[in-house]
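Novice: Show me how the following folds:
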Amino acid sequence: MAAELSASPGEFRRYRRFVSWFVLTFVSLGSAYLLVSVGVTIYRRRHAVPTGAPIGTIASAADLEGCLEELTDVEQGLERHLQNFHHLLAHYDASEAQRWSEDRSFWLGQWKAADERCRYGDPRPGRYAKEWEALAIIYTQLHDTEATYSKELLRSVGNQAPRLNQIRVRLEAVAQRIGAAAAPAAAPDSGDSHP
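Specialist: Predicted coordinates for the structure are as follows:
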């Protein structure tokens, strides 16, 4: 019986060592996966990747449809981005402004990636020449629209954000004075709760 007890602690030490290494390996691999996933997400947000091979001078109807879909995605991305613009103007916050700036960078990356693939500025002779020309105009107008909104936001933030901050500070000061004045007045009323 004494021999059985003396063999037992060594067995448990090996088991504990195995469990410790297993947990350490699991945590290390999980942490590495998390870091890589965050890095890839940040990279993809900042660098849009074209969805296909670049289109040559002679383009098929399928190429035209693909570029139309890609430009539609860019336009919808701009709509979402501009909705955030209106929210930012209504409720200016520095963290919201930072997020809006990151969204802008991502949208610009999408816009550039669409041109890398479709080359909207290149002349396309053939049956669909007018459609390619229309897409090129739309592509340019998307950037012009975004640039106009960004310019307005910067002007608004430059002019209005300091005023909004002053208003917030004044509101907080009034709220503190009201709170300080209401506290002594409320104290005698708390003792008169008897009917």
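Novice: At which residues are the helices of this structure located?
Specialist: Remark: helices assigned in the chain by DSSP state H are 2-46, 61-90, 94-118, 129-191.
Novice: Reformat those helices as a markdown table; add mean pLDDT and distance to residue 55.
Specialist: Every residue, glycine included, has its C-beta placed from N, CA and C. A markdown table is the format used below for the helices of the chain (pLDDT from 0 to 100; distance: least, C-beta to C-beta, whole Å):
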| stretch | mean pLDDT | distance to residue 55 |
| --- | --- | --- |
| helix 2-46 | 76 | 23 |
| helix 61-90 | 82 | 5 |
| helix 94-118 | 83 | 6 |
| helix 129-191 | 79 | 10 |
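Novice: mind putting those helices in TSV, mean neighbour count included?
Specialist: Formatted as TSV, those follow (neighbours: other C-beta atoms under 10 Å):
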stretch	mean neighbour count
helix 2-46	10
helix 61-90	15
helix 94-118	16
helix 129-191	12
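Novice: Once you drop chain neighbours, what's closest to the spatially most central residue of the chain?
Specialist: The structure's the chain has its C-alpha centroid closest to residue 103; by C-alpha atoms, centre = their mean the separation is 5.3 Å. Sequence neighbours aside, residue 81 is the residue nearest to residue 103 in space, at 5.3 Å (criterion: C-beta to C-beta, 6 or more residues apart in numbering).
Novice: Identify the residues contacting that neighbour.
Specialist: Neighbour list for residue 81: 100, 103-104, 107, 146 [criterion: C-beta atoms under 8 Å, 6 or more residues apart in numbering].
Novice: Go through those and name the one nearest residue 13.
Specialist: Residue 13 lies nearest to residue 103 out of the contacts of residue 81, by C-beta to C-beta, at 54.6 Å.
Novice: And the closest one, how close does it get to residue 30?
Specialist: Separation of residue 103 from residue 30 (C-beta to C-beta, to the nearest Å): 29 Å.
Novice: Contacts only, for residue 125.
Specialist: By C-beta under 8 Å, 6+ apart, residue 125 lies in contact with 57-58.
Novice: mind running it again at 6 Å?
Specialist: Residue 125 sits next to no residue when contact means C-beta atoms under 6 Å, 6 or more residues apart in numbering.
Novice: Please report phi then psi for it.
Specialist: Backbone geometry at residue 125, expressed as degrees, to the nearest 10, gives phi -70, psi 160.
Novice: ok, and the closest non-adjacent residue to residue 115?
Specialist: Leaving aside its sequence neighbours, residue 115 sits nearest to residue 139 (C-beta to C-beta, 6+ apart; 6.6 Å).
Novice: so the one you found sits right up against residue 120, yeah?
Specialist: Yes: Residue 139 is in contact with residue 120 according to C-beta atoms under 6 Å; the separation is 4.2 Å.
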